[in-house]
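A.B. asks: Give me coordinates for this.
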Amino acid sequence: MSGTAIKVEHLYKEYKLGVISHGTLYRDMQSWWAKVRGKEDPNSLISSHHGQEAERDSFLALNDISFEVKEGDRLGIIGKNGAGKSTLLKILSRITSPTRGNITIRGRVGSLLEVGTGFHAELTGRENIFLNGSILGMNRHEISRKLDEIVDFAGIEKHLDTPVKRYSSGMMVRLGFAVAAHLDTDILIADEVLAVGDAEFQKKALDKMGDLSTGEGRTVLFVSHNMGAVERLCNTCLILQHGVLIEKSDDIKMIIQNYLYANTSTDSNKFQCEWVNNGYELDNQWFKPHTFFITDNDMKLLKDVNSNDKDLWVNIRGTIKEIDPAFCIGYALYNEDNILLYWSYQTDISQNEWPELKTGECLFRSRIPKRFLNEGEYRVELIGSLHYRQWLFQPNVNAPAVFFRINGGLSDSPYLFSKRPGVLSPILPWEIISEISQ
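C.D. replies: Modelled structure (predicted):
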């Protein structure tokens, strides 16, 4: 076990739906007696054979998970909502216990799983720092030694002696992360809660986690829907899907690509250029998307391979249910390395040129100019929001995606007939001025 910070063996977590107990004293006593004897729970979905009835009463949030994390590793944990990521972190943080399986952890664990984790709302920021340190097993002298660093990193000096119930969610996250990162823990666990912070703090937090790992040898477990952040921070990654460990690898680019293309099963349908809302839960009170697709100038769906000498069109068909001046609809374009090339909204132009919003079914369209992209594979995600207020469809979180591939048609020049270095390959005008007046 030398050099291993966390070892998880055949981990299961089962939840009963709707009730806390089994429903009868007899079955509760049956389960208790089996546990005392070290036997399998006869009322558990894992070991019982009650068929469909048991499946309706229970579900496995984690199903036979096994993996190891080396000391100093930065493990990214990715998966869709409901995949079991947060359940896994709660078990590793000892917030909840597993139904079955073994976990071995070397060292103290500091975790930040949700806004205000471990904080007492009536206590001040200063008091909560000492409270968190005490929970982690540190004495007052150790905490006092780190206090100035924590306060400086969190940027809450003016509010240090204010009860945290008056903090904004961003302030709570900054303080919570600062405490978890600066106190003497061997393992740092951070959930998607960092997304609450602003872009500057997210960068600061990622840099700090990287320093903790590479500089101090601490182990980091990081859950995020932001694939760019995972790629930047982590040196190993795993994918969870419906409570099952699908894949674990040190090849971060490869595993992120596998995750992003997980909704396409074969090479033949990998480049589907149309998404149809067949019961997908994206509804809200402002806009319901029906289809999201990429076409050529003639409104024909793109083929598997497309030449770069023709315009492409991003199409969003849906129903506007309620008008809001802050409503934004658009798309995010990524290349095959999951690099975000750009976002585009219908509100990017001057306000007097915005398309007029009317309730009812409509089609939003936007052109990708010919000879703008390089050869390669591309992913387009639907994005929508109420500007600075609320996400409707968030990139890398709940955004539907379509895919296409560019090959050939880069230019009419005899010198530009194959893929050139770089992400884009725009054809830009040039001129030469032979005489320059003095």
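A.B. asks: As a check, name the ranges of all helices in the stretch 201-350 of the chain.
C.D. replies: 227-233, 252-260 (DSSP state H, counting those that start in this stretch).
A.B. asks: okay if I get those helices as CSV plus distance to Tyr378 and mean pLDDT?
C.D. replies: For every residue, glycine as well, the C-beta is placed using N, CA and C. Compiled in CSV, these are given as follows (distance: least, C-beta to C-beta, whole Å; pLDDT from 0 to 100):
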stretch, distance to Tyr378, mean pLDDT
helix 227-233, 15, 81
helix 252-260, 12, 80
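A.B. asks: Give the burial count for the closest residue to Glu231 other than its chain neighbours, as a bare number.
C.D. replies: The shortest distance from Glu231 to any non-neighbouring residue, by C-beta to C-beta, 6 or more residues apart in numbering, is to Ile252 (5.3 Å). A total of 20 residues lie near Ile252 under the criterion other C-beta atoms under 10 Å.
A.B. asks: Please name the residues that touch Ile252.
C.D. replies: Counting by C-beta atoms under 8 Å, 6 or more residues apart in numbering, Ile252 touches 76, 230-231, 234-237.
A.B. asks: What about the residues you listed, which are in strands?
C.D. replies: 76, 236-237 (DSSP state E).
A.B. asks: so what's Arg379 bridging to?
C.D. replies: On the basis of DSSP bridges, Arg379 is bridged to Tyr334, Phe403.
A.B. asks: Would you mind giving the contacts of Ile252 as JSON lines with neighbour count added?
C.D. replies: Listed next are the contacts of Ile252 as JSON lines, based on neighbours: other C-beta atoms under 10 Å:
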{"residue": "Gly76", "neighbour count": "24"}
{"residue": "Val230", "neighbour count": "25"}
{"residue": "Glu231", "neighbour count": "17"}
{"residue": "Cys234", "neighbour count": "26"}
{"residue": "Asn235", "neighbour count": "16"}
{"residue": "Thr236", "neighbour count": "18"}
{"residue": "Cys237", "neighbour count": "27"}
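A.B. asks: For those, name the two members farthest from one another.
C.D. replies: Glu231 and Thr236 (11.8 Å; C-beta to C-beta).
A.B. asks: I figured Asp296 hits Asn315, correct?
C.D. replies: No - counting by C-beta atoms under 8 Å, Asp296 does not reach Asn315; the two are 11.0 Å apart.
A.B. asks: Between these two, which is the more surrounded one?
C.D. replies: Legend: neighbour count by other C-beta under 10 Å for Asp296 and Asn315, higher for Asn315 (19 against 15).
A.B. asks: contacting residues around the more buried one?
C.D. replies: Shown in contact with Asn315 (C-beta under 8 Å, 6+ apart): 291-295, 299, 363-365.
A.B. asks: Against Tyr334, how distant is it?
C.D. replies: Look at Asn315 and Tyr334: by C-beta to C-beta, to the nearest Å, they are 18 Å apart.
A.B. asks: burial measure for Phe364, as a count.
C.D. replies: Residues near Phe364, counting by other C-beta under 10 Å: 20.
A.B. asks: before we move on, back to that, looking at the helices of the stretch 201-350 of the chain, spot the one closest to Phe287.
C.D. replies: Smallest distance to Phe287 across those (C-beta to C-beta): 24.0 Å, for helix 252-260.
A.B. asks: Can you list the buried residues in that closest one?
C.D. replies: 252, 255-260 (16 or more other C-beta atoms under 10 Å).
A.B. asks: Then stretch 142-161?
C.D. replies: So stretch 142-161, judged by 16+ other C-beta under 10 Å, has buried residues 143, 146, 150-151, 153-156, 159-160.
A.B. asks: Which of these fall within helices?
C.D. replies: When the buried residues of stretch 142-161 are checked against helices (DSSP state H), the matches are 143, 146, 150-151, 153-154.
A.B. asks: pLDDT and distance to Gln346 for these - can I get that in JSON lines?
C.D. replies: Putting these into JSON lines (pLDDT from 0 to 100; distance: C-beta to C-beta, whole Å) gives the following:
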{"residue": "Ile143", "pLDDT": "87", "distance to Gln346": "51"}
{"residue": "Lys146", "pLDDT": "87", "distance to Gln346": "48"}
{"residue": "Ile150", "pLDDT": "88", "distance to Gln346": "43"}
{"residue": "Val151", "pLDDT": "90", "distance to Gln346": "43"}
{"residue": "Phe153", "pLDDT": "88", "distance to Gln346": "39"}
{"residue": "Ala154", "pLDDT": "86", "distance to Gln346": "38"}
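A.B. asks: What's the end-to-end length of stretch 337-351?
C.D. replies: 34 Å (C-alpha to C-alpha, to the nearest Å).
A.B. asks: oh sorry, the question was meant for stretch 393-411
C.D. replies: Per C-alpha to C-alpha, stretch 393-411 runs 35 Å from first to last residue.
A.B. asks: Show the subsequent helix or strand relative to the helix or strand bottoming out on mean pLDDT in the chain.
C.D. replies: Least confident helix or strand, the chain: helix 52-57 with a mean of 50, by mean pLDDT, DSSP states H and E. Note on helix 52-57: by DSSP states H and E, the next helix or strand toward the C-terminus is strand 58-70.
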